[in-house]
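Enquirer: Generate coordinates for the sequence data below:
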Amino acid sequence: MANAPVIFWLRRDFRLGDHPGLTEAAATGRPVIPVFILDEVVETHGAAPKWRLGLVVEHFTEQLEKIGSRLIIRQGKALEVLRDLIKETGAEAVYWTRAYDPDAVARDKDVKSALKDDGLEAESHPGHVLFEPWTVETKSGGFYKVYTPMWKAVRDRDIAECLPAITELQPPDTWPDSEDLADLKMGDAMRRGADIVKKHVSVGESAAVGRLGSFIANGIESYKDKRDLPSGNGTSRLSENLTYGEISARRCWHAGWRAVQEGKRGAETFLKELVWREFAYHLVYHTPEIVSENWNGDWDGFPWKDDRKDALRWKQGRTGIEMVDAAMREMYVTGTMHNRSRMIVASYLTKHMMTHWKVGKAWFEDCLIDWDPASNALGWQWVAGCGPDAAPYFRVFNPETQGDKFDSDGDYRNRFIAEGRSQPAQDALDYFEAIPESWGLSPEDDYPSPVVGLREGREAALDAYSGFKDDD
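Expert: As a prediction, this is how the structure comes out:
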């Protein structure tokens, strides 16, 4: 049927500009039915990511309505929902943007195979990363296990220009029914924390493009110098928007290259960070075990602790180490955490506290609005020492030294820690409004003593590492 609709299944690509898959669907000249499914993969998402996803679904619904289209919302197993929609609409094709983490890949393979067996078009399209993972190879034909050679390999690659924004999608003669987004209860697990974090989110394509433009105009020049300072505005803050595809990595890449050509000093460092994200997806595609197991199997016998009582102190931001606690509290208040701070808290948990990286990874999955399955897995294994291109285990971040170097005036710690301050900052007080009431914490509490002393923890970690290596 020449006029049979195309279903476009949205997952992490909520934008109209530079959207290859949606552009292809529109180019068919057939009616396009955009669909979001709270499916078996999305249901596994943690509290903050699922809540933040709900915000962009709501926002994108409004964006589609402005161009005369709609977003159909459904809940259930992806294949079952898509088959139901096909029956209801007479659609003969389903398009989507590729994902690369193992849960999504398994779902998508099943969907594509089943739909093709049904005699339908089932097409996946690029758009979430700069380079499809299978297109980047070493000289010997394998995948990259170290970041720097990959950066050198892709730095000068030609990347197609961004596609123009979609301004019209042909509607079907009759729209299928849609569920009410509120009935999906995507934000329920956030509880009272949603009211605090919502003050800090920046939702949608327009906000993302504005954020990029402001960074290129005002921040990229000093990015190399200021990106490690957690108290300032030295980063692009685009991780939140890239996570949900509110802006394409390609748009960010081209903006960065224009800044390089204009001689802005921090521009190449920004491009390197985009390629670090690519490296994470490259690895999660080629070695999907990175999301759940030690990437380096030699670490399988390392004596990490499981999720014990002292790990709760880390989760609460009450380790007694101010740089660690400020970072954890930043996450509860803003939904994100500065990248330097992520390394500090991960090192303290996995090295000073000798707690398994999986404990921290799972907690970030629940608490970060910019949670990304590939970057989160790579980041935790990199710091823990068991991952690709890893920081050596003997490199134990000292939070006090890190504070002296990157938060010398104490602004970051003062912003997020209330205890012991005569006039706590609003964000420090907001932490107590965002956290679970069951924790029973108050800004009037005494600041805790360290759960593990810095020298004590470092020596214990290095002793464990030495013993572990001697046993190999």
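Enquirer: C-alpha from now on. contacts and neighbour counts both.
Expert: Fine.
Enquirer: Setting aside sequence-adjacent positions, which residue approaches the residue most central in space within the chain most closely?
Expert: Central residue of the chain (C-alpha atoms, centre = their mean): Asp372, 2.5 Å from the mean position. Of all residues not flanking Asp372 in the chain, Thr243 sits nearest, at 6.1 Å (C-alpha to C-alpha, 6 or more residues apart in numbering).
Enquirer: show me the contacts for that neighbour.
Expert: Residues in contact with Thr243 (C-alpha atoms under 8 Å, 6 or more residues apart in numbering) are 12, 370-372.
Enquirer: Mind checking which of those are buried?
Expert: 12, 370-372 (16 or more other C-alpha atoms under 10 Å).
Enquirer: circling back: next, find the distance separating the residue nearest to Asp372 from Asp39.
Expert: 18 Å (C-alpha to C-alpha, to the nearest Å).
Enquirer: mind listing what's buried in stretch 159-170?
Expert: 162, 166, 169-170.
Enquirer: what is the mean pLDDT for that stretch?
Expert: If you average the pLDDT over stretch 159-170, you get 97.
Enquirer: what does stretch 89-109 give?
Expert: On average, the pLDDT along stretch 89-109 is 98.
Enquirer: Just the pLDDT for the nearest residue to Gln426 once chain neighbours are set aside.
Expert: Spatial nearest neighbour of Gln426, chain neighbours left out: Arg415 (7.6 Å); criterion: C-alpha to C-alpha, 6+ apart. At Arg415, the predicted lDDT confidence score is 98.
Enquirer: close enough to count as contact, Arg415 and Asp427?
Expert: Yes - Arg415 lies in contact with Asp427 (C-alpha atoms under 8 Å); the separation is 6.0 Å.
Enquirer: Reformat the contacts of Thr243 into TSV and put pLDDT, distance to Asp407 and secondary structure next to each item.
Expert: Converted to TSV, those look like this (pLDDT from 0 to 100; distance: C-alpha to C-alpha, whole Å; DSSP: H, G, I helix; E, B strand; the rest coil):
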residue	pLDDT	distance to Asp407	secondary structure
Arg12	96	34	coil
Asp370	98	23	coil
Trp371	98	25	coil
Asp372	97	26	coil
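Enquirer: Distance to Tyr144 added to those, as TSV?
Expert: Shown next, in TSV, are the contacts of Thr243 (distance: C-alpha to C-alpha, whole Å):
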residue	distance to Tyr144
Arg12	25
Asp370	25
Trp371	23
Asp372	20
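Enquirer: Can you verify my assumption that Gly360 contacts Tyr348?
Expert: No - using C-alpha under 8 Å, Gly360 is not in contact with Tyr348, being 10.4 Å away.
Enquirer: These two: who's more crowded?
Expert: For Gly360 versus Tyr348, the count of surrounding residues by other C-alpha atoms under 10 Å is larger for Tyr348: 26 against 21.
Enquirer: ok, that one touching Phe397?
Expert: Yes - Tyr348 lies in contact with Phe397 (C-alpha under 8 Å); the separation is 7.2 Å.
Enquirer: State which strand of the chain is the longest.
Expert: Ranked by residue count and defined by DSSP state E, the top strand of the chain is strand 32-38.
Enquirer: and it, which strands flank it?
Expert: With DSSP bridges as the test, strand 32-38 is paired with strand 6-10 (parallel), strand 72-75 (parallel).
Enquirer: And the longest one, how far out from the chain middle?
Expert: Shown here is strand 6-10, whose average C-alpha point lies 23 Å from the average C-alpha point of the whole chain (C-alpha atoms, centre = their mean, to the nearest Å).
Enquirer: Moving C-terminal from that strand, which element do we reach first?
Expert: Once the chain leaves strand 6-10, the next helix or strand it forms, by DSSP states H and E, is helix 20-27.
Enquirer: Buried deepest among the strands paired with strand 32-38, which one?
Expert: Among those, strand 6-10 has the highest mean neighbour count (mean count of other C-alpha atoms under 10 Å), at a mean of 24.
Enquirer: got a list of contacts for that strand?
Expert: With contact meaning C-alpha under 8 Å, 6+ apart, strand 6-10 is reached by 22, 25, 30-37, 91-97.
Enquirer: How about stretch 404-411?
Expert: 228-231, 403, 413.
Enquirer: Can you give me the buried ones in that stretch?
Expert: For stretch 404-411, burial by neighbour count (16+ other C-alpha under 10 Å) applies to 406-407.
Enquirer: how about it as CSV, C-alpha atoms only?
Expert: The C-alpha trace of stretch 404-411 is given here as CSV (Å, rounded to 0.1, in the frame of the first residue of the first chain):
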residue,chain,number,x,y,z
ASP,A,404,42.8,21.7,47.5
LYS,A,405,43.6,21.6,43.7
PHE,A,406,40.1,21.8,42.2
ASP,A,407,38.1,23.5,44.9
SER,A,408,40.7,25.6,46.6
ASP,A,409,38.3,28.2,47.9
GLY,A,410,35.8,25.6,49.2
ASP,A,411,32.9,26.9,47.1
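Enquirer: before we move on, the earlier item: what about the residue nearest to the centre of the chain, distance to Gly360?
Expert: 14 Å.
Enquirer: check contacts around Glu132.
Expert: Going by C-alpha under 8 Å, 6+ apart, Glu132 touches Pro126.
Enquirer: Tell me the spacing between it and Leu16.
Expert: According to C-alpha to C-alpha, Glu132 and Leu16 sit 21 Å apart.
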